[in-house]
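Q: Turn this into a model:
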Amino acid sequence: MPSGIPAPGLLPAGPLEPWPDTVHWQRVSSDLIWVELIRLAVVVAIGLAGTAIAWALSGHWLFGLALAVVLLLGVWRAVAIVRAVHAWGYAERENDLLVRHGLLVRRLSIVPYSRMQFVDVSAGPLERAFDLATVQLHTAAAASDARVPGLRPAEASRLRDRLTALGEDRAEGL
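A: Have a look, this model is predicted:
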């Protein structure tokens with residue numbers, strides 16, 4: 001093997017590869033899939049209805065093609081939603097919270113407890129119907145805010161209280 005090129009299997013792990021065994025990733029609820037699929041269904045239904053009405057009124061074949069494209073994109077997005085929800089995860093460590101998500105563009109946010117300004121828990125009507133909530137972390141830098149969707153309300157409250165307590169403890173040391 002040429003020098004300077006590591007052997008297969010010995011390649012260094014990238015910054016978004018699985019973390020060592022010391023990190024215990026928590027997954028979000030799979031009910032989040034249903035919430036996202038219902039949101040998608042509403043958007044696709046509106047798109048299909050508008051396109052179908054335009055096709056019926058004009059009779060132009062391009063609206064038929066547009067109808068097929070909207071349907072195809074809806075199916076593709078539904079598959080992506082299922083995979084994207086499974087990609088969400090969070091891990092609580094001693095000094096920070098890790099949040100990962102994304103399929104094509106993977107994102108890993110590391111939020112130090114000492115940098116948190118406040119923690120929000122929210123749940124819209126659809127999330128409440130599926131007994132879910134979202135924890136939103138706010139820091140001084142707007143770009144570093146992280147969120148964890150698809151948590152049961154009890155877990156969201158526990159995480160909010162824990163993060164708030166850890167943030168206060170770490171901020172006192174500054």
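Q: Now T164, what are its backbone angles?
A: Taking degrees, to the nearest 10, you get phi -60, psi -50 for the backbone angles of T164.
Q: contacting residues for the closest residue in space to it that isn't next to it in sequence?
A: By the measure of C-beta to C-beta, 6 or more residues apart in numbering, the closest residue to T164 outside its immediate chain neighbours is V119, 5.4 Å from it. From N, CA and C alone the C-beta is placed, and that goes for glycine too. Residues touching V119, when contacts are defined by C-beta atoms under 8 Å, 6 or more residues apart in numbering, comprise V135, Q136, L137, H138, L159, R160, L163, T164, G167.
Q: what about V119, is that helix, strand or coil?
A: Secondary structure assignment for V119 (DSSP: H, G, I helix; E, B strand; the rest coil): strand.
Q: Give the bridge partners for it, please.
A: On the basis of DSSP bridges, V119 takes part in beta bridges with L137.
Q: What ranges does this protein have for its helices?
A: In order along the chain, the chain carries the following helices (DSSP state H): 31-58, 61-87, 125-129, 153-172.
Q: residue contacts, A78?
A: With contacts defined as C-beta under 8 Å, 6+ apart, A78 is in contact with L37, L40.
Q: Kindly report the same for the one 3 residues further on.
A: Contacts of I81 were listed using C-beta under 8 Å, 6+ apart, and they are I33, E36, L37, L40.
Q: Where does pLDDT dip in the chain?
A: For the chain, the stretches flagged by pLDDT under 70 are 1-21, 142-145, 170-174.
Q: from the contacts of V119, which is closest to A66?
A: Within the contacts of V119, proximity to A66 (C-beta to C-beta) peaks at Q136, which comes in at 36.5 Å.
Q: contacting residues around the closest one?
A: When contacts are counted by C-beta under 8 Å, 6+ apart, Q136 touches V119, D120, V121, S122, D145, A146, R147.
Q: gap between it and G74?
A: Distance, Q136 to G74, using C-beta to C-beta, to the nearest Å: 28 Å.
Q: Then V85?
A: Noted for V85: a distance of 17 Å to G74, by C-beta to C-beta.
Q: Can you pick out the residue with more neighbours from those two?
A: More neighbours sit around V85 than around the other of V85 and G74, counting by other C-beta atoms under 10 Å; the figures are 22 against 16.
Q: Pull out the buried residues from stretch 52-60.
A: By neighbour count on 16 or more other C-beta atoms under 10 Å, the buried set for stretch 52-60 is W55.
Q: what are the C-alpha coordinates of it, in PDB please?
A: What follows is stretch 52-60, C-alpha atoms only, in PDB (Å, rounded to 0.1, in the frame of the first residue of the first chain):
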ATOM      1  CA  ALA A  52     -56.000  19.000 -10.700                       C
ATOM      2  CA  ILE A  53     -58.300  22.000 -10.900                       C
ATOM      3  CA  ALA A  54     -56.000  23.900 -13.300                       C
ATOM      4  CA  TRP A  55     -55.700  20.700 -15.400                       C
ATOM      5  CA  ALA A  56     -59.500  20.300 -15.500                       C
ATOM      6  CA  LEU A  57     -60.100  23.900 -16.400                       C
ATOM      7  CA  SER A  58     -57.400  24.200 -19.100                       C
ATOM      8  CA  GLY A  59     -57.000  20.600 -20.300                       C
ATOM      9  CA  HIS A  60     -53.300  21.300 -21.000                       C
END
